[in-house]
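*Asks:* Have a look at this prediction, sequence included:
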Amino acid sequence: MHLLLNDSASARGLIFMTIIFLSIIIGYILPNSKQLSLNQKKLGLNTFWEKTSNVDKIIIISAIITIVNSVNIILSFYPNLSEITYYLKNPGQAYIYTKSIRRNPDILDESGGFGSIITIALTLLSATKYIFLIFSFLYWKQLKIRTKFFSIVTLIIYIISSFLTGAMITIGAVVLSLIPVAIVNIKRKKNVINLPRKLSKRPKRIKILFAALVGICVILFFISNRISQENDLFEGIKVLGFYISHGYIGLDYCLELPFETTYGFTSIRGISTMFVKYLGVPDLFQNSYLVRNEMINGYPALSVWSTIFPWLASDFSFYLLPIIMGYVSFQFSLLWNKTIRTGNPYGYLLLGQFFIFWFMIPANNQVFHTLGNAASFFLILFLYAKNKKFYIMQNKQEQQVT
């Protein structure tokens, strides 16, 4: 698409992306001998994970943190109800407004929110939005009524705060994180409901098409509203094409630049910014492909996309990226298989992070792009590792008893 829509058609970029694509495919199929297909498994939660006594508690605690975080975000930008009402109707304009506030915080007469320390603590707990939502979907039929009500209210408040920041990724990320759960649920229902092939496919296709249509309309509304308050959807479609492909222009430019390592400051930008801000560490991000691309070629480092690859290559070089992407794909394949086999709910959480990573490849290193995103990934990874170890120990004890 990039080669068709844009002027910067680089053969080097095409060759690089072909190698990356092949490495991802190879990485995914390497553990294929150990995998079980969706047809070969009893889908859903394993007996061990079917219902634990503290699931409702986990969801409610995560939902409360998500609500507090959402309210904090709203109060940080909007001093009165009239502005909240206006920008809620114009999320594209809200994106421009909040972006200007971040760059020039003195615009507001007084700082809102709950203070910097609480804000940082809430940011470090950003994973709670994924936990309450994915757990709610997984355990919905088993949840108490009050937990279900609390989950719905939390979701509404989170959507409102997302509209008021105007960033599509705030909604897009949680939608992407739900894809693994949705895939398994669709397949499980098809196995349980023994309908003729044509009849079983028809409702599923209608639901998928309807959900996709709603998602596309929301994205086009966000984009068109950024351009104009008239919400011209046709203009939104044109800009959407640019959104999908323009990152590869930046990649083309970066492929022509020499390598200068930034020692991890670019790949984990969300964390390294904290070191620079609070510890006075030199900002090695200034040596990244993205910054040097802006200095040499005039292509903006952060206001537009350059794909994920210059972010990773700034620390590892473009030559190592096929190995890195192949390894990520390999781990994703193993995790997908293990989660289907064990039904580990924390596996679904981690799979959601992988789906965000894959879908945002044309944009940036989204999983580690901000402190909240990076903290979400590492917290979910910790919870997965901890509960996986507990699951293995329980299985060993059961085998010893039998």
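*Replies:* That came in fine, so what should we check first?
*Asks:* Output the lowest mean pLDDT helix or strand found in the protein.
*Replies:* helix 2-5 (a mean of 51; mean pLDDT, DSSP states H and E).
*Asks:* which helices and strands does the helix or strand following it pack with?
*Replies:* Next in sequence after helix 2-5, counting helices and strands by DSSP states H and E, comes helix 11-29. The contact analysis (3 or more CB pairs under 8 Å, 6 or more residues apart in numbering; DSSP states H and E) places helix 11-29 against helix 247-255, helix 321-342. C-beta coordinates here come from the backbone N, C-alpha and C atoms, glycine included.
*Asks:* Show me the one of those that comes nearest residue 121.
*Replies:* Closest approach to residue 121 among the helices and strands packed on helix 11-29 (CB to CB): helix 321-342, 28.9 Å.
*Asks:* Distance from the chain centre to that closest one, please.
*Replies:* Put simply, helix 321-342 sits 17 Å off its chain's centre (CA atoms, centre = their mean, to the nearest Å).
*Asks:* What pLDDT does the model give residue 84?
*Replies:* At residue 84, the pLDDT value in this model is 88.
*Asks:* now swap in residue 220 and tell me
*Replies:* 60.
*Asks:* do the same with the one 3 residues further on
*Replies:* Residue-level confidence at residue 223 comes out at 60, pLDDT.
*Asks:* now residue 184
*Replies:* 80.
*Asks:* in which helix or strand would I find it?
*Replies:* helix 179-192.
*Asks:* same deal with residue 314?
*Replies:* helix 309-316.
*Asks:* and that helix, what does it pack onto?
*Replies:* helix 247-255, helix 289-297, helix 321-342.
*Asks:* Take it, keep the C-alpha atoms, and write them as PDB.
*Replies:* The C-alpha trace of helix 309-316 is given here as PDB (Å, rounded to 0.1, in the frame of the first residue of the first chain):
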ATOM      1  CA  PHE A 309      11.200  -0.800  13.200                       C
ATOM      2  CA  PRO A 310      13.200   2.400  13.700                       C
ATOM      3  CA  TRP A 311      12.300   2.200  17.400                       C
ATOM      4  CA  LEU A 312      13.700  -1.200  17.800                       C
ATOM      5  CA  ALA A 313      16.600  -0.700  15.300                       C
ATOM      6  CA  SER A 314      17.800   2.300  17.300                       C
ATOM      7  CA  ASP A 315      18.900  -0.200  20.000                       C
ATOM      8  CA  PHE A 316      19.600  -3.400  18.000                       C
END
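*Asks:* Thanks again, I'm all set now.
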